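Colleague: structure here, sequence nowhere to be found:
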């Protein structure tokens, strides 16, 4: 019900999944009303707000940009920030991409909890849907239905024996995200890697930051973290992408094989169809106390 930021600055570095660059990232506290702001420190401190206004739709990741300056693969970090209800934070990078780390949102959750999540005094709105809003393309679809809670019902199908058909129902809480969704890693097919790399993608991909699927097996020696890790990771992507609306959601999202492009199209449709939703505020406690401050446990 209140905006939040982090208490202390924290730092990490790692390889960008697509760029292959070694990138340093620093997360810093921000005042109320700041929003989520990326800073390209290597390009004169250009600031890019994590907002649908700066969204550049791409198939393989989510990119934000302004004036020709971009930051890529923001979705896993944004999912962690959104899931912990952080509304104000500065993300300083010395390269074009958020580090992949292990390919999931879990390291970002740990980093944010290490920094400490602190409640601020400005209340924050949420989007309440009055009727369904959806988009579709080539048999894929994603729709938001009215609901008193934020739920996601996601189904995927790949013509591959390792993935096949998977579905998952997720009811959002910070704790549920940490346990059920955040550890799920990005994935790709070994047969697709040469073409992707020839196009400038997946240059930093490895078994350390992605699940790599062969003809009939997974190449990662440690195996899967969940039997349905693939669909759970799609939920990571969706939570990160939909956070670019800038407000929490009260609604049930039903998705089938959607991806970053369709998520971006849904955001545009929601903003276009203004009569389909309204904004509201939680009834907030009159005073702050230890009892009504948010608290989280490290993962």
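Modeller: Good, I have the coordinates. What you see is a predicted model, and the numbers here were worked out from it, not measured in a lab.

Colleague: tell me how far residue 153 lies from residue 32.
Modeller: As for residue 153, its distance to residue 32 is 34 Å (criterion: Cβ to Cβ, to the nearest Å). C-beta: built from backbone N, CA, C; applies to glycine.

Colleague: can you check residue 189 too?
Modeller: Residue 189 is 44 Å from residue 32, by Cβ to Cβ.

Colleague: next one: residue 111
Modeller: Residue 111 is 22 Å from residue 32, where distance means Cβ to Cβ.

Colleague: more neighbours: which of those two?
Modeller: Just comparing residue 111 and residue 32: by other Cβ atoms under 10 Å the higher neighbour count belongs to residue 111, 18 against 15.

Colleague: contacting residues around that one?
Modeller: Counting by Cβ atoms under 8 Å, 6 or more residues apart in numbering, residue 111 touches 10, 12, 27, 80.

Colleague: do residue 46 as well
Modeller: Residue 46 neighbours (Cβ under 8 Å, 6+ apart): 39, 40, 66, 67, 69.

Colleague: just residue 93 next, same as before
Modeller: Counting by Cβ under 8 Å, 6+ apart, residue 93 makes contact with 23, 24, 25, 38, 39, 40, 41, 42, 71.

Colleague: residue 233 too?
Modeller: Counted by Cβ under 8 Å, 6+ apart, residue 233 has contacts 104, 184, 185, 186, 187.

Colleague: got it, and residue 37?
Modeller: Here residue 37 is in contact with 30, 47, 48, 49, 50, 89, 90, 91 (Cβ under 8 Å, 6+ apart).

Colleague: in strands, which of the residues you listed appear?
Modeller: 47, 48, 49, 89, 90, 91 (DSSP state E).

Colleague: top of those residues by number of neighbours, please.
Modeller: The ones in strands among the contacts of residue 37, ranked by neighbours (other Cβ under 10 Å): first place residue 89, 24 neighbours.

Colleague: hang on, that residue packs against residue 28?
Modeller: Yes. Under the criterion of Cβ atoms under 8 Å, residue 89 makes contact with residue 28 at 7.1 Å.

Colleague: give me the common contacts of these two.
Modeller: residue 6.

Colleague: residues in contact with the nearest residue to residue 165 once chain neighbours are set aside?
Modeller: Nearest non-adjacent residue to residue 165, counting by Cβ to Cβ, 6 or more residues apart in numbering: residue 157, 4.6 Å away. Counting by Cβ under 8 Å, 6+ apart, residue 157 makes contact with 164, 165, 256, 257.

Colleague: which pLDDT does the model give the second one?
Modeller: Listed pLDDT for residue 165 reads 98.

Colleague: wait, doesn't it sit right on residue 155?
Modeller: Yes. At 7.1 Å, residue 165 counts as touching residue 155 under the criterion of Cβ under 8 Å.

Colleague: higher neighbour count, the two?
Modeller: A side-by-side neighbour count of residue 165 and residue 155, using other Cβ under 10 Å, places residue 155 first with 16 against 10.

Colleague: which residue is the nearest non-sequential neighbour of that one?
Modeller: residue 167 is the one closest to residue 155 (Cβ to Cβ, 6+ apart), at 4.0 Å.

Colleague: verify the contact between the one you found and residue 231 for me.
Modeller: Yes. Judged on Cβ under 8 Å, residue 167 makes contact with residue 231 at a distance of 6.3 Å.

Colleague: who has more neighbours out of those two?
Modeller: residue 231 (20 against 13).

Colleague: quick one: that one and residue 169 touch, right?
Modeller: No. Contact between residue 231 and residue 169 fails when scored by Cβ under 8 Å: they sit 10.2 Å apart.
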